[in-house]
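Colleague: Structure of the sequence below:
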Amino acid sequence: MFSASAAAEEGGPAKLTIPLLSSAPTIDDFLSMRPNGAVAEQMVKVSGFVQRNPYDGHPASQITEAYLGYDHKNLYVVFVCFDEPAKVRARRARREDIFDDDNVEIMIDSFHDQRRAYAFQTNPLGVQWDAIWTEDAGFDSTFDTLWYSRGRLTAKGFVVWMAIPFRSLRFSAEEIQKWGIILYRGIIRNAEDDFWPAISLRAAGRLDRAADAGGLEKISPGRNIQFIPYGLFNSFRTLNDTDPGNPHWDNRFAGGKIGLDSKFILNDSLVLDVTANPDFSQVESDDPQVTVNQRFEVFFPEKRPFFIENSDFFATPINLLFTRRIADPEFGTRLSGRAGHFSLGLLMADDKSPGEIVPPSDPEFGKKAYFGIARVKRDIFRQSWVGAIFTDREFDGSYNRVGGIDTHLRFSRAWTGSLQGVVSSTRWLDGTYQAGPGYLANVQRAGLHLNYFGTYNDYTPGFLTEAGFVNRVDVRQSTHELSYTFRPKSGPLLAWGPELDTDQIWDHRGLRLDSLYEPSLLFSFKRQTYVRLEPYIGFRQRLRPSDFGTLTQNQDYNERYNLYSVGTSASKKINVSFGYSQGSRINFVAPANQPPTLARSQFADASINVRPLTALKIENAYLFDRLKDRASGHAIFNNHILRTKWNWQFNNELSLRFILQYEATLANQQFTTLQTTKQISPQLLVTYLVHPGTAVYVGYNSDLQNIDPALASDPNSGLLLRRRNRLINDNREFFVKVSYLFRF
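Modeller: Take a look at the predicted model:
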């Protein structure tokens, strides 16, 4: 038995030598809470975990021991976690749904560059979560790969076993490897984060404090070629309203498509993805968000597997690649990875959606858009980099191209900053042209008590990114977030303190547009309980005739509101959160020919998640948004979103999920152009997920709305008329989706 050294020398990094094992260890070798057998006793032991939360620098409240070793195929990690069995939180759940439970994790900086690391985490029953950590952006949990885990509760706590294939990692071709390793344990009831080596809140990032892990010799991902053929078979009936003058029903009794996703590993560190008729579908709807009375586009995260893998290679401070812009592609290819001090990402895809959302009579019907993205970064200094990006969207002779440079700099252990400058060039379908630059600069301080984040954005009127997500231009914006946290040494209160957020926006003529001041006070208690108080929020907006044609001159709107929120996971079986806000807000959807007006506002959101059984999770959410006319007190609209999601997990692979969502906007057309809309969307899905790439989905989706049964259109808006009470089924689909991972 070997033991890891806490530090090589005073102030130096922790050291870890991972031994070569004669065979693979098993979880049974550790169920007595100590290693048993020749193989288990060959592994190196790590102990001495240290808290980051709630008491930074204190020893962990529970003993954790980790054991590491490797053979020529896998890295093995076994966590032996001592605890009172009745207090351990461990439930059967879908893959990646583990954060209501205790958990353990290993982070692997396989290039030892202190910039990027793999994270592999499980709950006490071996349910997996994986991610990519980058020092400037945190966790990207869209990463998925093949690895193995098992977990078992014991009379003294629990044991977790992991086997991480070298084929699932990218690293240099050196014969002798040197990696950075961080080990973690989370104890949910205490809001406790324990690390080895110690990771303090006093400094930004993590990887510069990782242990130096040696002993790994003559390992390689090897020849790594992956093929994932898939088949999607479905039948459906759906309303096609792309032509407002001719809405009609589309039907298919039996159909579908087949395709192939392929992956080639080049020089151990670069990944080439090539697809034929790729699978760009997603099997779960987006989480609910309020989209009524929103002045600017609402962001919805990406969920499609092709786009989410290695997405961090394309990330820049300004969001110049928002892959949901590529709505309906037929092909896609991507090259991403590291080569020496460089990281790169290349992406090409087409998109059928521009030619599908217009009627057949439109000249653009049936035509495709084409996307090309190129991104490169070069490491400089310690945990800093410089980079460049170019994006291009082409459609029927029109184009939008954006290019620029950026950098991320680490000034000290606490201070970091980013800069980016880009310029766009756009030619529209009618031949007109526009162009303009965009800039971003930010600085951040991370500390045990004092935290600060400040950013400055500048987007000229001619700037446009059709491949990215910048939903407002002709702005100069300065935002600041300043907080101070008091951390009591004992008692149920873990942390508390004030925060002040400000946001100031001007246009390029120097006219003040928005001004926000948002002070708050946050209290964090044990058992994941919090209270947030924001008794006064001041938000001043200036709207111009160029924003709303119904305005004859610039108009100031002074919004004032408050916000209160609470939440707790004190019980192992119930998590509850609630938020409420009231005050004044602008009615952006005023009646035709009338300017926006200031209205009374109420907003509430609530969630109750229940775990009545180890295998059953019930998630319930409710969002309520109301505007009322200030003079009469009558409602302008009431928006309700109610969602319930039930998941029964038979084992780590097989699950049954049911989602029912109801959304209604009850509109008073005396005060708004909105129609009264009602929608009910049930979804049923059976999932057998062996591992990422190998899965079977069987599902049924339906959608009912209060659309006029005769499919009549409103002569003013061209939208389908709505009826207040009757709901008709405008979309229903049954599907079977099968994929299988072949890895050579």
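
Colleague: now the helices for this structure?
Modeller: 38-42, 305-308, 353-356 (DSSP state H).

Colleague: Send me stretch 48-62 as CSV with only the CA atoms.
Modeller: What follows is stretch 48-62, C-alpha atoms only, in CSV (Å, rounded to 0.1, in the frame of the first residue of the first chain):
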residue,chain,number,x,y,z
GLY,A,48,-6.7,14.2,4.5
PHE,A,49,-9.5,15.9,2.6
VAL,A,50,-10.1,19.6,3.4
GLN,A,51,-13.2,21.7,3.4
ARG,A,52,-13.8,24.6,1.0
ASN,A,53,-17.4,25.0,2.1
PRO,A,54,-18.8,25.8,4.6
TYR,A,55,-15.6,26.3,6.7
ASP,A,56,-12.7,27.0,4.3
GLY,A,57,-9.5,25.2,5.3
HIS,A,58,-11.0,23.1,8.1
PRO,A,59,-10.7,19.2,8.0
ALA,A,60,-13.6,17.4,6.4
SER,A,61,-16.4,16.5,8.8
GLN,A,62,-16.3,12.9,7.6
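
Colleague: hang on, the earlier thing: lowest-confidence stretch among the helices of the chain?
Modeller: Among those, helix 305-308 carries the lowest mean pLDDT, at a mean of 66.

Colleague: Show me what counts as buried in stretch 355-373.
Modeller: By neighbour count on 16 or more other CB atoms under 10 Å, the buried set for stretch 355-373 is Gly355, Glu356, Val358, Glu364, Lys368, Ala369, Tyr370, Phe371, Ile373. Every C-beta, even on glycine, is put in place using the N, C-alpha and C of the backbone.

Colleague: same deal with stretch 185-202?
Modeller: So, applying 16+ other CB under 10 Å, buried residues of stretch 185-202: 185-201.

Colleague: now do stretch 681-695
Modeller: Ser681, Gln683, Leu684, Leu685, Val686, Thr687, Leu689, His691, Pro692, Gly693, Thr694, Ala695.

Colleague: so the residue lying closest to the third one once chain neighbours are set aside bridges to which residues?
Modeller: The shortest distance from Leu684 to any residue that is not its chain neighbour, by CB to CB, 6 or more residues apart in numbering, is 4.7 Å, and that residue is Tyr700. For Tyr700, the beta-bridge assignment (DSSP bridges) gives partners Leu684, Phe734.

Colleague: just Trp129 next, same as before
Modeller: Going by DSSP bridges, Trp129 forms beta bridges with Gln121.

Colleague: And it, what's its pLDDT?
Modeller: So Trp129 comes in at 95 (pLDDT).

Colleague: Tell me how many other residues crowd it.
Modeller: 21 (other CB atoms under 10 Å).

Colleague: what's the distance between His508 and Val576?
Modeller: 46 Å (CB to CB, to the nearest Å).

Colleague: for Ile318, that is, sorry about that
Modeller: 37 Å.

Colleague: before we move on, the earlier item: just the buried residues of stretch 681-695 now: which is nearest Glu217?
Modeller: His691 (27.8 Å; CB to CB).

Colleague: give the contact list for the nearest residue in space to the closest one that is not next to it in sequence.
Modeller: Of all residues not flanking His691 in the chain, Leu146 sits nearest, at 5.0 Å (CB to CB, 6+ apart). Going by CB atoms under 8 Å, 6 or more residues apart in numbering, Leu146 touches Pro165, Arg167, Ser168, His691, Pro692, Gly693, Leu741, Arg743.

Colleague: Verify the stated contact: the second one with Ile219.
Modeller: No: with contact taken as CB atoms under 8 Å, Arg167 and Ile219 are classed as non-touching, separated by 10.3 Å.

Colleague: returning to what we had before: restricted to strands, list the buried residues of stretch 681-695.
Modeller: Per DSSP state E, strands hold the following members of the buried residues of stretch 681-695: Ser681, Gln683, Leu684, Leu685, Val686, Thr687, Leu689, His691, Thr694, Ala695.

Colleague: from these, which single one is nearest Trp179?
Modeller: Comparing these against Trp179 with CB to CB places His691 closest, at 23.3 Å.

Colleague: hang on, the closest one packs against Leu741?
Modeller: Yes: applying CB under 8 Å, one finds His691 in contact with Leu741, separated by 7.1 Å.

Colleague: and stretch 605-623, which residues are buried?
Modeller: So, applying 16+ other CB under 10 Å, buried residues of stretch 605-623: 605-607, 609-611, 615-619, 621-623.

Colleague: First residue to last residue on it, what's the distance there?
Modeller: 4 Å (CA to CA, to the nearest Å).

Colleague: cool, stretch 338-357 as well?
Modeller: 39 Å.

Colleague: shift numbering so it begins at 312
Modeller: Got it, first residue is 312 now, which makes that one stretch 649-668.

Colleague: Centre of the chain to that stretch, how far?
Modeller: Distance, stretch centre to chain centre, for stretch 649-668: 19 Å (CA atoms, centre = their mean, to the nearest Å).

Colleague: same check, this time on stretch 747-767
Modeller: 20 Å.

Colleague: could you dump it to CSV, C-alpha only?
Modeller: C-alpha atoms of stretch 747-767 as CSV (Å, rounded to 0.1, in the frame of the first residue of the first chain):
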residue,chain,number,x,y,z
GLY,A,747,-19.6,47.3,-37.3
PRO,A,748,-17.4,46.2,-34.4
GLY,A,749,-18.2,44.8,-31.0
TYR,A,750,-16.1,44.8,-27.8
LEU,A,751,-16.1,43.2,-24.4
ALA,A,752,-13.8,43.6,-21.4
ASN,A,753,-14.3,42.1,-17.9
VAL,A,754,-12.4,41.7,-14.7
GLN,A,755,-13.2,39.3,-11.8
ARG,A,756,-12.0,38.9,-8.2
ALA,A,757,-12.7,35.7,-6.3
GLY,A,758,-12.2,35.6,-2.6
LEU,A,759,-13.3,34.1,0.7
HIS,A,760,-15.2,37.3,1.6
LEU,A,761,-15.0,39.9,-1.1
ASN,A,762,-16.0,39.1,-4.7
TYR,A,763,-16.4,41.3,-7.7
PHE,A,764,-17.2,41.0,-11.3
GLY,A,765,-17.3,43.9,-13.7
THR,A,766,-17.8,43.9,-17.5
TYR,A,767,-18.1,46.4,-20.3
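
Colleague: can you pull the buried residues of it?
Modeller: Quick answer for stretch 747-767 (16+ other CB under 10 Å): 747, 749-759, 762-767.

Colleague: where along the stretch 912-1055 of the chain do the strands fall?
Modeller: 927-939, 946-960, 965-978, 988-1002, 1005-1016, 1039-1050, 1053-1054 (DSSP state E, counting those that start in this stretch).
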